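Peer 1: Whatever this is, show me its structure:
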Amino acid sequence: MGKYGRKDILVAALVIIAVSSFIFGIASTVHNSLAFYVVSAIARSILGYGEGMALTCVPAIIAAEFPKERHMEYQSYYTMSQSLGLALGPVAGAFIYELVGYAGTFYFFTVLMIVSTVFCYMYVP
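Peer 2: Numbering: from 1, shown residues only. The predicted structure follows:
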């Protein structure tokens, strides 16, 4: 694959996503609206890089690590998990927001991404 393997890129992507989520949480402490928008735009840009890395790396891992005759099955699981995330994410986000507020929602996601990064590092071949 090159200097860095698929797993390394996926772990880096998850770390980038966690950092951007943390920056979103910090943005809530900025009381100047222009500064808030600037910090949010920076965090969103960082999130885009991380998401782009992850969204392209996972199918590559599936193609490299699973038997060719089962690629479509595992790609379907991956696509289904994305669809479930899109469907359930707003509901879960609203629930978390009600529990912990704006910044807490992003801090919760940061912790979730850190846990995901650890599991990815431990279990992805």
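Peer 1: Apart from its chain neighbours, what residue comes closest to the spatially most central residue of the chain?
Peer 2: By CA atoms, centre = their mean, the chain has its centre lying nearest to I17, at 4.8 Å. Closest residue to I17 apart from its sequence neighbours, by CB to CB, 6 or more residues apart in numbering: G50 at 3.9 Å. Where C-beta positions appear, they are placed from N, C-alpha and C, glycine not excepted.
Peer 1: quick one: which helix or strand includes the one you found?
Peer 2: helix 33-65 (DSSP states H and E).
Peer 1: Point out the other elements, helices or strands, that that helix touches.
Peer 2: Identification of packing neighbours for helix 33-65 by 3 or more CB pairs under 8 Å, 6 or more residues apart in numbering; DSSP states H and E yields helix 6-27, helix 71-123.
Peer 1: tilt between the longest one and helix 33-65?
Peer 2: Here helix 71-123 runs at 110 degrees with respect to helix 33-65, directions being taken by axes from the mean of the first three to the mean of the last three CA atoms, to 10 degrees.
Peer 1: Same check on the first one?
Peer 2: Here helix 6-27 points in a direction 160 degrees away from that of helix 33-65 (the same axes, to 10 degrees).
Peer 1: Show residues contacting helix 6-27.
Peer 2: Contact with helix 6-27 is made by 4, 36, 39-40, 42-44, 46-47, 49-51, 53-54, 57-58, 60-61, 64, 103-107, 109-110, 113-114, 116-117, 120-121, 124-125, as judged by CB atoms under 8 Å, 6 or more residues apart in numbering.
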